[in-house]
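# Predicted model and sequence follow; I will ask about them next.
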Amino acid sequence: MDDAFKDVPPTTLADLLGREQVMDIGIRPLWDAPRVAGPAYTVRCEPGDNLMLHAAIYRAEPGSVIVVESGDVDYALAGGNVCAVAQRRGIAAFVVDGVIRDLGEVREAGFPVFSRGVVPIPGTKDKLGELGAPARVGGVLVHPGDIVVADEEGVVVVPAARREETLRVARATRKGGRGVPRRMGGRAPCADREGPERPRLHWLSPPDPAARPAARRAWQGADNGPGRVLGSGPRVSFGHLIPRPTGLTC
């Protein structure tokens, strides 16, 4: 488990790292598991086979998140017994691009699993795959040692080479976002929704409230053109009626 990232939500990391480091919405927690964070131990299984996952739980270091590429949703990669052994060996979680079974047992044991769902039929244990090679899971290419952070909001992968920088900027963002440089892909991060200070919305309205009905009538008479009003007349701007968030860039 990477305790340094345990308090950093995936939403903050997604703001910093961008869409390419966020797994797709099909990779979901299968029960109300707590947030997990840890270095990836990568596995590539052949479709319909889970032999390499069985090997991985004996080779991964305690605290690791086992990340599995399988390309299959017809056969379970793991069940209650496999998850129980992984839990006893200190594995933090499974993040699998596939399905599992025995969800009731897994939930009762409290072992976090993020996957595409549940199916009752098990896979075989016959085919060799790969351990410790890059694995594509949920659309993200995961390398061994990358930091995987996952909870009910989704799964984000922090490249190992950017660990320290990402953690430093994420912590600054959690404290309010002031003074955070434009970096991590060229964008300033959004203020975290869970942070102690929420960004304020400022309504940029006309100073004279009497002007608002006229602007509203103009809007109701507008066609689909850019700023035009039905019939004829000058170009109309409605920017003053839009709430403008401060401190946000997205």
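That came in fine, so what should we check first?

# all contacts plus neighbour counts: C-alpha atoms, from now on.
OK.

# remind me which residues of this protein are low pLDDT?
Applying pLDDT under 70 to the chain flags the ranges 1, 176-250.

# what comes into contact with the lengthiest strand in it?
For the chain, the strand with the greatest residue count under DSSP state E is strand 36-44. Identification of contacts with strand 36-44 by Cα atoms under 8 Å, 6 or more residues apart in numbering yields 1-3, 5-6, 52-53, 56, 60, 63-70, 92-93, 112, 129-135, 142-151.

# swap in stretch 50-57?
Contacts for stretch 50-57 (Cα under 8 Å, 6+ apart): 41, 43-45, 66, 68, 76-78, 82, 85-86, 89, 91, 123-131.

# and those, which are buried?
Neighbour counting by 16 or more other Cα atoms under 10 Å classes 41, 43-45, 66, 68, 76-78, 86, 89, 91, 123, 125, 129-131 among the contacts of stretch 50-57 as buried.

# Next secondary structure element downstream of the longest strand of the chain?
helix 51-59 (DSSP states H and E).

# Any figure for the gap between I27 and D74?
According to Cα to Cα, to the nearest Å, I27 stands 16 Å off from D74.

# Between the two, which is the more surrounded one?
I27 (23 against 17; other Cα atoms under 10 Å).

# if we can go back for a sec, if any of the contacts of strand 36-44 are buried, give me the PyMOL selection for them.
Selecting only the buried entries of those in PyMOL, with 16+ other Cα under 10 Å as the criterion:
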select buried, resi 1+2+5+6+52+53+56+60+63+64+65+66+67+68+69+70+92+93+112+129+130+131+132+134+135+142+143+144+145+146+147+148+149+150+151
